[in-house]
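**Student:** Prediction below, plus the sequence it came from.
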Amino acid sequence: QVSREETDQLCAENTGSVARYSPSFTAWEYFPRDLEERRWPAAVLAMYEDLGLVHRFGIERSTLARFVLMVRKGYRDPPYHNFSHAYSVAHFAYLMLKNLQLVESRCLDDLESLSLLTACLCHDLDHRGTTNSFQVASRSVLASLYSSEGSVMEQHHFAQSVCILNTDGCNILSELPPKDYTQCLDMVRGMILATDLSRHLSIMTELEAMATGGYRSCEPRHRRLLHSLLMTAADLSDQTKRWLSSKKAAKLVYREFFSQGDMEKQMGNDPSEMMDRERAFIPKLQIQFLDDIALPVYSLMGSLFPACEEVYAQTKANRRCWQRMADICSRRNATNVQSIDVFD
Ligand SMILES: Cc1nc2ccc(C(=O)NCC(C)C)cc2n2c(-c3cc(OC(C)(C)C)ccc3Cl)nnc12
Ligand SMILES: [Mg+2]
Ligand SMILES: [Zn+2]
């Protein structure tokens, strides 16, 4: 649980305007992890307030403070999938809501805005730094619980979110009428499940059709598709920031992948190239990941929301940097993660 003084201290924080955290807090290029770590919970409170969600849904400040502190406690400390990732993903959702005016333009309503920010904050709760397939291969408890429906980790992340909401004094949705409460939880569940890569890949065709034909807010399917796209755009947002920040984030992802690969070797299994520190050539893998997964997401965002073009442009710029690194590294035939440190 969370101590009383911690909650009171956070609650007392005059979170005030978001400019207190940085003059560029609402800029696409702002890297939220540049804010000192102990101020992240206060910045999350400020985002809920700045979006008008505290007032609109009658959220008690102390409840929101306890909720955010419980969520922070609910994250473990793997290299990448820790609270700093959750906080960054929530910040990007805030940027999209703010800069694309998703509620003002009636693409989303208030309840979807509340669901999106909350889903982002909770979307990787209790992550162990290993993938869904590793859960199944290692016969983890989570696999025994969830592998029949797939999305093992994402189902667990949602279950953990519900646990926190059901903890005394942490239910930020308690003032919602029953219908809205159920709808919000249902949307948070769909949004968290949308961050399973295989689910994302399975809706790419529908997303492209929606981007070509235009978003129709009157169609429930379009709204669900938009929820999913916004979640993946937020989940990958490290790749839309300046080069050094996005490269550093990528290295943390590979630190997780490589330690999973080490465990797979100990289990007598052969890890995929991406997980194998002996075989992986990160620049090439990153170019593949950006081309196959990240760039299409921001290209779709750019075609649905012109104000998002610069995000797509920065991600393309980062891909060019990986290409330059691939050319230089392969000339020096330096292959593994240590060699790319020379660019720090
Ligand atoms: C820098 C960076 N490189 C990555 C390289 C590879 C992969 C990967 O999973 N490849 C699997 C093969 C089968 C293609 C993910 C990477 N990745 C993610 C990420 C994205 C996720 O899924 C959504 C958000 C739905 C796209 C889910 C989990 C993660 Cl860790 N975040 N940052 C990264
Ligand atoms: Mg995840
Ligand atoms: Zn994530």
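**Tutor:** Arrived safely, thanks for sending. Residues are numbered from 1 along each chain as shown. Ligands and ions are numbered 1, 2, ... in the order given.
**Student:** Now Asn82: closest residue in space, sequence neighbours ignored.
**Tutor:** Tyr75 (5.2 Å; Cβ to Cβ, 6 or more residues apart in numbering). To be clear about C-beta, it is placed using only N, CA and C from the backbone, and glycine gets the same treatment.
**Student:** Tell me the residues of this structure that contact ligand 1?
**Tutor:** 195, 197, 200, 232, 235-236, 239, 250, 253, 274, 289, 293 (Cβ under 6 Å from any ligand atom).
**Student:** Would you write a ChimeraX line that selects the buried entries of the residues you listed?
**Tutor:** Listed next is the ChimeraX selection for buried residues among the residues of the chain next to ligand 1, using 16 or more other Cβ atoms under 10 Å:
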select :195,200,232,235,236,239,250,253,274,289,293
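**Student:** In strands only, show me the residues of the chain next to ligand 1.
**Tutor:** Among the residues of the chain next to ligand 1, no member is found in strands (DSSP state E).
**Student:** And Phe57, how close does it get to Asp180?
**Tutor:** From Phe57 across to Asp180, the span is 8 Å (Cβ to Cβ, to the nearest Å).
**Student:** Have a look at the two and say which one is more surrounded.
**Tutor:** Phe57 (20 against 15; other Cβ atoms under 10 Å).
**Student:** Tyr48: neighbour count?
**Tutor:** 26.
**Student:** what pLDDT does it get?
**Tutor:** Looking at Tyr48, its pLDDT reads 97.
**Student:** number of nearby residues for Asp110?
**Tutor:** Asp110: 14 neighbours (other Cβ under 10 Å).
**Student:** OK, contacts around Ser272?
**Tutor:** Taking Cβ atoms under 8 Å, 6 or more residues apart in numbering, we find Ser272 in contact with Gly261.
**Student:** I figured Leu193 was touching Ala159, is that so?
**Tutor:** No - between Leu193 and Ala159 no contact is recorded; they are 11.5 Å apart, counting by Cβ atoms under 8 Å.
**Student:** Could you check which of these two has the larger neighbour count?
**Tutor:** More crowded of Leu193 and Ala159, by other Cβ under 10 Å: Leu193, with 20 against 16.
**Student:** Tell me the spacing between the more buried one and Ser228.
**Tutor:** Counting by Cβ to Cβ, the gap from Leu193 to Ser228 is 9 Å.
**Student:** What ranges in the stretch 201-344 of the chain fall below the confidence cut-off?
**Tutor:** Residues of the stretch 201-344 of the chain meeting the criterion pLDDT under 70: 332-344.
**Student:** switch to 90 and redo it
**Tutor:** 329-344 (pLDDT under 90).
**Student:** Return the residues of the stretch 1-150 of the chain in contact with ligand 3.
**Tutor:** Residues of the stretch 1-150 of the chain found near ligand 3 (Cβ under 5 Å from the ion) are Asp124.
**Student:** need the helices for the stretch 1-150 of the chain, in chain order.
**Tutor:** Using DSSP state H, counting those that start in this stretch, the helices of the stretch 1-150 of the chain run over 4-12, 40-50, 53-56, 61-73, 83-99, 110-122, 132-137, 141-146.
**Student:** still on that earlier bit, need the residues of the chain next to ligand 1 in CSV (columns: distance to Pro23).
**Tutor:** As requested, those are exported to CSV (distance: Cβ to Cβ, whole Å):
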residue, distance to Pro23
Thr195, 31
Leu197, 35
His200, 34
Thr232, 29
Asp235, 26
Leu236, 25
Gln239, 24
Ala250, 27
Val253, 30
Met274, 38
Phe289, 32
Ile293, 32
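**Student:** and the residues of the chain next to ligand 1 near ligand 3, which?
**Tutor:** Asp235.
**Student:** So which of the residues of the chain next to ligand 1 are in helices?
**Tutor:** Counting by DSSP state H, these place 197, 200, 232, 235, 250, 253, 289 in helices.
**Student:** Ala194 is in contact with the third one, correct?
**Tutor:** So that's Thr232. Yes - the criterion here is Cβ under 8 Å, and Thr232 meets it with Ala194 at 6.7 Å.
**Student:** who touches both of those two?
**Tutor:** In contact with both Thr232 and Ala194: His200, using Cβ under 8 Å, 6+ apart.
**Student:** Give me the nearest residue to the residue nearest the centre of the chain, chain neighbours excluded.
**Tutor:** Nearest to the mean C-alpha position of the chain, by Cα atoms, centre = their mean, lies Asp235 at 2.9 Å. Excluding its sequence neighbours, the residue lying closest to Asp235 (Cβ to Cβ, 6+ apart) is Thr195, at 5.1 Å.
**Student:** right, and the one you found touches Glu154 too?
**Tutor:** Yes - counting by Cβ under 8 Å, Thr195 sits close enough to Glu154 to count as a contact (6.0 Å).
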